[in-house]
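Asker: I'll drop the sequence and a predicted model, then ask my questions.
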Amino acid sequence: MENTMRGEADYSVARRRMVEEQIVARGLHDPRVIEVLGRVPRHLFVEPALQDQAYGDYPVGIGSGQTISQPYIVALMTEALQLTGVEKVLEIGTGCGYQTAVLAELAGQVYTIERIKELAFSARHVLRHLHYRNIVLRVGDGSLGWKESAPFDGILVAAGSPEIPQPLVEQLKEGGRLVVPVGNEDTQSLFRVIRRGNKVDIEDLGGCRFVKLVGRFGWGQQKKAGDQTQKRSLV
Ligand code: SAH
């Protein structure tokens, strides 16, 4: 984009277009999700030099080799959790905190875990600035879940895993939904896992491409955590 959009009014136009062209046009319908994506100021979660790209149809760098998820992917994952406003939700991979804010608007209480301290700190800063009061943020390995606060109605994993992390399934309530990208490093399928007693129902919501879930129940620990970039979703 050559033109620099500075005013909040310009961003609200960009946001409306994002919702129409990227979310509604691709068949997502949940009116609560649509309303919230039309309202949360996504540009405030990226650094000032990248704000003009915040409403584009692609992920954007947020530092430490990580990216803010593409708007459509945020909407798809959120819709898959089927939130009504009262749920307790766990998010793995806070990143810049945008998806966290969307969840906080749509659920009762949000727990979120990020492994990179710098990202967690800046997410906390923005979320406080926007006056969210129903978010608890922790730095650590989210592939282990958050046992002390379990069970959850919904768990959203914003990073790709080689398999469904078992602790997360165990931390779901009966009927709870876990949304997680599962596959190899290059491409994954977005799975929705619903807990039914000691069994699970698994649905494939389509192809996607995320940065790695680095952790005990993900890709194992790495020496260097900044060498992957999230690619455009293929869905
Ligand atoms: N929803 C975020 C997505 C960021 S990308 C956003 O839109 O900004 C995925 C994030 O998952 C990265 O910030 C990465 O550091 C984090 N991550 C990867 N493995 C993790 C783990 N085991 N525990 C917690 N966070 C993890």
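Answerer: Thanks, I have the structure now.
Asker: what sits against residue 120?
Answerer: 94, 114, 137-139 (Cβ atoms under 8 Å, 6 or more residues apart in numbering). Any C-beta I mention is one placed from the backbone N, CA and C, and that applies to glycine too.
Asker: and if we set it to 10 Å?
Answerer: 94-95, 97, 112-114, 137-140 (Cβ atoms under 10 Å, 6 or more residues apart in numbering).
Asker: Filter those down to just the ones in strands.
Answerer: 112-114, 137-139 (DSSP state E).
Asker: circling back to that earlier point, report the buried members of the contacts of residue 120.
Answerer: By neighbour count, with 16 or more other Cβ atoms under 10 Å, the contacts of residue 120 hold 94-95, 97, 112-114, 137, 139 as buried.
Asker: before we move on, back to that, of the contacts of residue 120, closest to the ligand?
Answerer: residue 95 (2.4 Å; Cβ to the nearest ligand atom).
Asker: Where does pLDDT dip in this protein?
Answerer: 1-6, 222-235 (pLDDT under 70).
Asker: What parts of it come near the ligand?
Answerer: 62, 66-69, 92-93, 95-96, 98-99, 113-116, 119, 141-143, 158-159, 211, 213-215, 218, 230 (Cβ under 6 Å from any ligand atom).
Asker: mind listing the helices for the chain?
Answerer: Here the chain has its helices, by DSSP state H, at 8-18, 31-37, 71-80, 98-106, 117-129, 166-170.
Asker: Compare the ones you listed and give me the one nearest residue 183.
Answerer: Closest to residue 183 of the helices of the chain, according to Cβ to Cβ: helix 71-80, at 14.4 Å.
Asker: Check which helices and strands the closest one sits against.
Answerer: Judged by 3 or more Cβ pairs under 10 Å, 6 or more residues apart in numbering; DSSP states H and E, the packing partners of helix 71-80 are helix 8-18, helix 31-37, helix 98-106, strand 152-157, strand 172-183, strand 188-196, strand 199-208.
Asker: Can you give the distance of the third one from its chain's centre?
Answerer: When you say that, I think you mean helix 98-106. Distance, stretch centre to chain centre, for helix 98-106: 9 Å (Cα atoms, centre = their mean, to the nearest Å).
Asker: what does the fifth one give?
Answerer: Computed by Cα atoms, centre = their mean, the chain-centroid distance of strand 172-183 equals 13 Å.
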